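Q: My questions concern the predicted model and sequence given below.
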Amino acid sequence: FFFQAEDGIRDAQESRGLGDVYKRQTLLMTMIEANSDAEVILTLSNQLDFEFLKKKLTSDYENFVKNALKLPVDSDEDDIRDKLPDSFSDEMLESFNVYILLVTLAGQNEEAARNLKDNSAFGENIIKAMTFYEENTGSIEVAIHDELHRVY
């Protein structure tokens, strides 16, 4: 019997709060960045509920547009871009971290890549949300010991 945690990771025990959410995301990102065993990353990524996380990202995006930008949720990208603040709230920064985690896993795992791209169960707002996160997330590639690493 699994519980759905706030971070979209299925767990055999109830989540103990947002501290667990941040610890899990940090642990998974650290393992990926440290080039941990691919099997461990695959096992952990298979525990993620991508639909839940995409719904969370969409909800956070909609709340940001409606409450922080004071725009209708169905506003076009140019209107949203024109009203972007100089910095994002902690809640939105956490959403960006979730997005980065999903994109990073998609680069490591074919099933994760399919799950990230499959938005058929969602409406137009998830596409707008994912586009927003993508456009507002920077990345660079760094060569370390003849290996190319992407850094967000």
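A: Nice, I can see it. Numbering: from 1, shown residues only.

Q: which stretches of the chain aren't confidently modelled?
A: Along the chain, segments meeting pLDDT under 70 span 1-37, 121-122, 139-145, 147-152.

Q: which stretches of it form strands?
A: 3-4, 10-11, 140-144, 147-151 (DSSP state E).

Q: how about the helices in the chain?
A: 18-33, 38-46, 50-63, 77-82, 90-108, 110-117, 124-135 (DSSP state H).

Q: can you redo those helices as TSV with distance to residue 146?
A: (Glycine included, C-beta is placed from N, CA and C.) Shown next, in TSV, are the helices of the chain (distance: least, Cβ to Cβ, whole Å):
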stretch	distance to residue 146
helix 18-33	17
helix 38-46	19
helix 50-63	32
helix 77-82	38
helix 90-108	18
helix 110-117	25
helix 124-135	28
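
Q: what's the closest of the ones you listed to residue 69?
A: Ranking the helices of the chain by their distance to residue 69 (criterion: Cβ to Cβ) puts helix 77-82 first, at 6.4 Å.

Q: Mind giving me the packing neighbours of the closest one?
A: Judged by 3 or more Cβ pairs under 8 Å, 6 or more residues apart in numbering; DSSP states H and E, helix 77-82 is in contact with helix 124-135.

Q: what angle sits between the helix it packs on and helix 50-63?
A: 80 degrees (axes from the mean of the first three to the mean of the last three Cα atoms, to 10 degrees).

Q: Not counting helix 124-135 itself, show me its contacts.
A: 54-55, 57-58, 60-62, 73-74, 77, 80-81, 95-96, 99, 103, 119 (Cβ atoms under 8 Å, 6 or more residues apart in numbering).
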